[in-house]
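*Asks:* just need the structure, nothing else, for what follows:
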Amino acid sequence: MDTNQEKILEKAQARVIETLARNMDLYGITMSTGLLYGTLLFQDKSMTLDEMGEALGMSKTSMSTGVRTLMDLNMVEKIWKKGTRKDHYEVNLDWYQNFIDLFSVKWRHACEQNVHGLKKSLQELRALKEMEDLTDENKDRVNLSIQRIENGLEYYLWLSRLIDSFESHDIFQFVPKKENES
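*Replies:* Modelled structure (predicted):
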């Protein structure tokens, strides 16, 4: 490939890598981890931490942290390579599954935290409602708060079912991977 073609290829890949990294930031993934993912995406071979660090100009420690994050999200996997003692990593190329894993892990964790907080508050408000010296004004406020928290719990049950539909791939019955699938 001549140098002009190489420059066009590198520019196109760099744009995609940066775009992916910025988008992953929306899901709580650091920009550097997103850049790592994008870099691995365009490799035609697995990479070691040293190779990743060299490609991105970052430390091996940063690469290790980023790879661990991506592995926890099932977006990158460690592979065995004959004749080397160093760990090699490559990207999971199934973008649908990558999104599902990223979405599911992040959203399920957030749901669990929020449900825990709502249930704790609901328990406290129900105990408060039983107090004999509670004023009528405070009873109304407590009842309104209980109603809003119960609505929130219903929402999180729905969101949990939505996450389940992603994990089971049932979502593809409603939103096919390709527009003309049914």
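*Asks:* low-confidence ranges, this structure, go.
*Replies:* Along the chain, the parts satisfying pLDDT under 70 run over 181-182.
*Asks:* which one's the longest helix in it?
*Replies:* helix 95-129 (DSSP state H).
*Asks:* can you point out the buried residues in that helix?
*Replies:* For helix 95-129, the neighbour count (16 or more other C-beta atoms under 10 Å) marks 98, 100-108, 111, 115, 118, 122, 125 as buried. (C-beta placed from N, C-alpha, C; glycine too.)
*Asks:* E179: what secondary structure?
*Replies:* Three-state assignment for E179 (DSSP: H, G, I helix; E, B strand; the rest coil): coil.
*Asks:* could you point out which element follows the host helix or strand of E77?
*Replies:* Counting by DSSP states H and E, the element that carries E77 is strand 76-79. The helix or strand immediately downstream of strand 76-79 is strand 88-91, counting by DSSP H and E.
*Asks:* and the contacts of that next one?
*Replies:* Residues from elsewhere that reach strand 88-91 (C-beta atoms under 8 Å, 6 or more residues apart in numbering): 37, 40-41, 43, 45-49, 52, 67, 71, 75-81.
*Asks:* returning to what we had before: list just the nearest of the buried residues of helix 95-129 to V175.
*Replies:* I100 (11.9 Å; C-beta to C-beta).
*Asks:* so what's that closest one closest to, chain neighbours aside?
*Replies:* Once flanking residues are discounted, I100 sits nearest to F166: 4.7 Å by C-beta to C-beta, 6 or more residues apart in numbering.
*Asks:* helices or strands up against the host helix or strand of that neighbour?
*Replies:* Assigned by DSSP H and E, F166 belongs to helix 136-167. Counting contacts by 3 or more C-beta pairs under 8 Å, 6 or more residues apart in numbering; DSSP states H and E, helix 136-167 packs against helix 95-129, helix 171-174.
*Asks:* I'd like to know which of these is closest to E154.
*Replies:* Among the helices and strands packed on helix 136-167, helix 95-129 sits nearest to E154 (C-beta to C-beta), with 10.4 Å.
*Asks:* residues contacting S160?
*Replies:* Taking C-beta under 8 Å, 6+ apart as the test, what S160 contacts is R108, C111.
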